[in-house]
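Undergrad: Fold the following for me, if possible:
(one chain, ligands or ions: 1)
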Amino acid sequence: MKPQNPSLTAPQVKGLVQMIGLTRDREFNCSECLEHVSEYAEHQMTGQELDAAIACIEQHLKLCPECREEYEALLKILRAGA
Ligand SMILES: [Zn+2]
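TA: Numbers count the residues shown, from 1 in each chain. You can find the predicted model right below:
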């Protein structure tokens, strides 16, 4: 059977995007993110340079609204306590 349409259809693209999302999630999941999110928040507060592990959190926070919420709550706490 030869492919009828060489270009990707919208559902195929969606599938690929989901696949990439899942791969990322496996590499760096929410529990790992939450483990380091306070560290990341402190880095943001002090303006220190991020190491590779912390930089992953930045990436994850962009993709994951749940962790971002957690991060923003932490930032508030840090700012209030500073
Ligand atoms: Zn997450």
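
Undergrad: buried sites along the helix or strand harbouring I54?
TA: Using DSSP states H and E, I54 sits in helix 52-63. Buried positions in helix 52-63, judged by neighbour count with 16 or more other CB atoms under 10 Å: 54, 56-57, 60-61. Placement of C-beta: from N, CA and C, glycine included.

Undergrad: Those into CSV, with extra columns for pLDDT?
TA: Output for these, formatted as CSV (pLDDT from 0 to 100):
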residue, pLDDT
I54, 79
C56, 83
I57, 88
H60, 89
L61, 93
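
Undergrad: So for L22, what's the pLDDT?
TA: Looking at L22, its pLDDT stands at 55.

Undergrad: nope, K76 is what I meant
TA: K76 is given a pLDDT of 93.

Undergrad: tell me the secondary structure for it?
TA: helix (DSSP: H, G, I helix; E, B strand; the rest coil).

Undergrad: check contacts around L50.
TA: Residues counted as contacts of L50 (CB atoms under 8 Å, 6 or more residues apart in numbering) are 40, 43, 58.

Undergrad: distance of the nearest residue to the first one once chain neighbours are set aside from the ion?
TA: If I follow you right, that is Y40. Spatial nearest neighbour of Y40, excluding adjacent residues (CB to CB, 6 or more residues apart in numbering): I57 at 4.4 Å. As judged by CB to the ion, to the nearest Å, I57 and the ion stand 9 Å apart.

Undergrad: which ones are touching I57?
TA: 28, 33, 36-37, 39-40, 71.

Undergrad: Can you give me the neighbour number for Y40?
TA: Residues lying near Y40 (other CB atoms under 10 Å) number 23.

Undergrad: now do C64
TA: So C64, with other CB under 10 Å, has 21 neighbours.
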